[in-house]
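Engineer: here is my input, please return the structure:
(2 chains)
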Amino acid sequence: MSRYFRNIAESLSSLLTGMGITFTHMLKIKKGNVTLQYPEEKWPRPERNIGFNHEDYNVIRSRLTVDINDCIGCLKCERICPVQCIKIETEKAPVRGEDINEINHVGITSNGTNKVQVVTRFDIDMTECCYCNLCTYPCPEECIYMTGGPNSKKHPIDYEFSEHDRSDLIYRFAKPGTKEGIQKVKSKQGAQS
Amino acid sequence: MDGDLMTINMGPNHPATHGVLRLKCQTDGEIISGITPVIGYLHRCFEKHSENVTYEQVIPYVDRCDYLSSMTMDFGYVVAVEKLMNIEVPEKVEYIRVVMAELQRIASHLLALGVYGMDMGAFTPMLYMLKERERILDLFELTCGARLLYNYMWVGGLSHDLPRGFVEMTYQFLDQFEPKIDEYDNVLSNNKIFVERTADIGVLPPDVAVNYGVTGPNLRASGVKWDLRKNEAYSIYDRFDFEVPIGEGIKGTVGDCWDRYYVRMIEIRESVKIVRQALAKMPKDGDVHKAVPKKIRPPKGSIYSRTESSRGDLGYYIISDGTPTPSRVKMRSPSFASLSAISEISEGWMMSDMISVLGSLDIVLGEIDR
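Structural biologist: Modelled structure (predicted):
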């Protein structure tokens, strides 16, 4: 009998404590509010300075971007990718480190490296990417990065990149027409010599 | 009174199975007489896949096994490979790893407890706990850019150093988090309805737990004082002062669902202690990339190394044949052992108690199926 009443008393008191806590939470709703009205409001992304000093490096994982003018076609990012979502094809340039105007090929990277290869295909399938960030470390020219990386001013940090067509998520960074262009250039040079 | 047994399928898609798990329950009326878990719905060939990628490329896959506590999964793997290669890791890296692993343990336990409350019909505590978990994920995002699957710990080091202001922000988080734990106790742990649904239910005796290989908080709740951080201190866990909580049967019997719940609650407190000590002792400078090998190519041989993940004893067996890709990676996952004991625990209990038992085991299907 006494146990019956004790149970009721315990239930009531524990319920009241719980309700009290939820009530205090309700009172400070303005201060501790964490719900965001999503499309209008967005969660602030951590702000960090940008640069290659590791302490300042902005590490946001977002979509991958390649500065194709800086890419030397070393295939290091393709090899390190655990899901093989980067596909690169290269063609040997006729003259090392020289611009080819027909296909807008830049011969020297911004780091001053003379390019040996012309990148004819640089595709990243963002549907396959697992955002591990492994590809950005080995790059000798620092030209592949998750947006929000070193050149984030050019590419705003962005988590929302849905597309209507799935094939639009395959990002093609090589300049269009490079493959045919370089073959044409080569055959022309072959005919001249 | 010998009626026919009825088979009831729970899952594969059921909100209380925490993933895709199918439980074939043999029921006699409403009493359970046996459970056969059917697993494999989340099988992603982790072990076979890791034979085809290099050692560093395994880490993103390891992340995805136990997606709720990726840091501790990474920790176990890198410790195993480092032992295989005899790498001495810088002090600073060790401290950062411990901080990250313990923050991850808090986050993982918060989710486990909150969702367990939700399984039992208490929705509000889950919101409070997820709010705090979100803050921890923010800290991780600040550090390595990812909120769930980090790829933060590398063999021999870390992908990034701590960002500026991380230590202060973590102290700030801990200061406002610690009073919240008492709040959780008031709102959920001592709630009469919750206690009635969990105390004395699904008792896992210590000998059964040991026979099934149950580890982690589930084993400690049964009264066995076994924590690899204490008993086989890996990394630098021997330098910290913390208690190993065990189930004491405060509300019912030792090893019941409430104990399994409450051990996690105390573990959160202990993890907070460890994070505070690690932040205080952490060396200010040091290069986190110093010991990262240029090429990860361990010598021929094999290693079995185990660490304490949020869910228990996480073991990696790695065979190396001297090439950059592992010849075999076997993972001993703690949730698998916990799940295998469910038939034994819930036999004789009602169908609704089985939900309580399943939630208290805190399984992650990604790790069971691998």
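
Engineer: going forward, measure contacts between C-alpha atoms and count neighbours the same way
Structural biologist: Will do.

Engineer: B:S159 reaches B:Y152, doesn't it?
Structural biologist: Yes: contact between B:S159 and B:Y152 holds when scored by CA atoms under 8 Å: they sit 5.2 Å apart.

Engineer: joint contacts of those two?
Structural biologist: Residues touching both B:S159 and B:Y152 (CA atoms under 8 Å, 6 or more residues apart in numbering or on different chains): B:C144.

Engineer: which of these two has more neighbours?
Structural biologist: Neighbour tally, B:S159 and B:Y152, criterion other CA atoms under 10 Å in any protein chain shown: the higher count belongs to B:Y152, 27 against 22.

Engineer: look up phi and psi at that one.
Structural biologist: Here the main-chain torsion angles of B:Y152 (degrees, to the nearest 10) amount to phi -90, psi -40.

Engineer: got it, and B:A337?
Structural biologist: Recorded main-chain torsions at B:A337 are phi -70, psi -40, according to degrees, to the nearest 10.

Engineer: where's it relative to chain A, distance?
Structural biologist: Here the distance between B:A337 and chain A works out to 29 Å (CA to the nearest CA, to the nearest Å).

Engineer: doesn't B:N211 make contact with that residue?
Structural biologist: No: between B:A337 and B:N211 there is no contact under CA under 8 Å: 9.8 Å.

Engineer: so what's A:G181 up against?
Structural biologist: Neighbouring residues of A:G181 by CA under 8 Å, 6+ apart: A:102-103.

Engineer: from A:E102, how far out is it?
Structural biologist: As for A:G181, its distance to A:E102 is 7 Å (criterion: CA to CA, to the nearest Å).

Engineer: again, but for B:F194
Structural biologist: The span separating B:F194 from A:E102 equals 74 Å under the rule CA to CA.

Engineer: so for those two, which residue has more residues nearby?
Structural biologist: Neighbours were tallied for B:F194 and for A:E102 using other CA under 10 Å; the higher tally belongs to B:F194 (17 against 12).

Engineer: which other residues reach stretch B:87-97?
Structural biologist: Contacts of stretch B:87-97 from elsewhere in the structure, counted by CA under 8 Å, 6+ apart, are B:75, B:82, B:153, B:156-158, B:162, B:235-236, B:278-279, B:281-288, B:290-291.

Engineer: same check, this time on stretch B:327-337
Structural biologist: By CA under 8 Å, 6+ apart, the surrounding residues in contact with stretch B:327-337 are B:47-48, B:50-51, B:212-216, B:311-321, B:362-365, B:367-368.

Engineer: inside strands: which ones of those?
Structural biologist: Secondary structure assignment by DSSP state E places B:312-320 of the contacts of stretch B:327-337 in strands.

Engineer: okay, buried residues for the helix or strand containing A:R6 please.
Structural biologist: Assigned by DSSP states H and E, A:R6 belongs to helix A:2-27. Taking 16 or more other CA atoms under 10 Å in any protein chain shown as the basis for neighbour counts, the residues of helix A:2-27 that come out buried are A:11, A:14-15, A:17-18, A:21-22.

Engineer: domain parsing for chain A?
Structural biologist: Residue ranges for the domains of chain A, per automatic domain parsing: A:1-35, A:64-177.

Engineer: now do the last one: distance from first to last residue.
Structural biologist: In other words, domain A:64-177. 22 Å.

Engineer: report the rounded mean pLDDT for that domain.
Structural biologist: Averaged across domain A:64-177, pLDDT comes to 79.

Engineer: before we move on, what about stretch A:7-23?
Structural biologist: Per-region confidence: stretch A:7-23 scores 87 on mean pLDDT.

Engineer: just the CA trace of it, in CSV.
Structural biologist: C-alpha atoms of stretch A:7-23 as CSV (Å, rounded to 0.1, in the frame of the first residue of the first chain):
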residue,chain,number,x,y,z
ASN,A,7,5.2,5.4,-6.6
ILE,A,8,2.7,8.1,-7.3
ALA,A,9,4.7,10.7,-5.3
GLU,A,10,7.9,9.7,-7.1
SER,A,11,6.2,9.9,-10.5
LEU,A,12,4.7,13.3,-9.7
SER,A,13,7.9,14.8,-8.4
SER,A,14,10.1,13.5,-11.3
LEU,A,15,7.5,14.7,-13.8
LEU,A,16,7.5,18.1,-12.1
THR,A,17,11.3,18.4,-12.2
GLY,A,18,11.3,17.5,-15.8
MET,A,19,8.6,19.9,-16.7
GLY,A,20,10.4,22.6,-14.7
ILE,A,21,13.5,22.1,-16.8
THR,A,22,11.6,22.3,-20.0
PHE,A,23,9.8,25.3,-18.7
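
Engineer: what packs against the helix holding A:R6?
Structural biologist: helix B:192-198 (3 or more CA pairs under 8 Å, 6 or more residues apart in numbering or on different chains; DSSP states H and E).

Engineer: next, the buried residues of the helix it packs on.
Structural biologist: Of the residues in helix B:192-198, those scored as buried under the neighbour-count criterion (16+ other CA under 10 Å) are B:192-195, B:197-198.

Engineer: any part of that helix near chain A?
Structural biologist: Yes: judged by CA under 8 Å from any CA of the partner chain, helix B:192-198 comes into contact with chain A through B:192-193.

Engineer: how about the contacts made by residue 84?
Structural biologist: In the absence of a named chain, chain A is used. If you count contacts by CA under 8 Å, 6+ apart, A:Q84 has them with A:E78.

Engineer: sorry, I should have been clearer: chain B.
Structural biologist: Residues in contact with B:L84 (CA under 8 Å, 6+ apart) are B:298-299, B:301-303.

Engineer: what about it, helix or strand, and which?
Structural biologist: Secondary structure (DSSP H and E) places B:L84 in helix B:70-85.

Engineer: the inter-axis angle of whatever helix or strand comes next after that helix versus helix B:70-85?
Structural biologist: The C-terminal neighbour of helix B:70-85 among helices and strands, as given by DSSP H and E, is helix B:91-119. Regarding helix B:91-119 and helix B:70-85, their directions subtend 140 degrees when assessed with axes from the mean of the first three to the mean of the last three CA atoms, to 10 degrees.

Engineer: partner residues bridging the residue lying closest to B:Y77 once chain neighbours are set aside?
Structural biologist: In space, B:Y77 comes closest to B:Y316 once its chain neighbours are excluded; the distance is 6.6 Å by CA to CA, 6 or more residues apart in numbering or on different chains. In this structure, B:Y316 bridges to B:S305, B:M331 when assessed by DSSP bridges.
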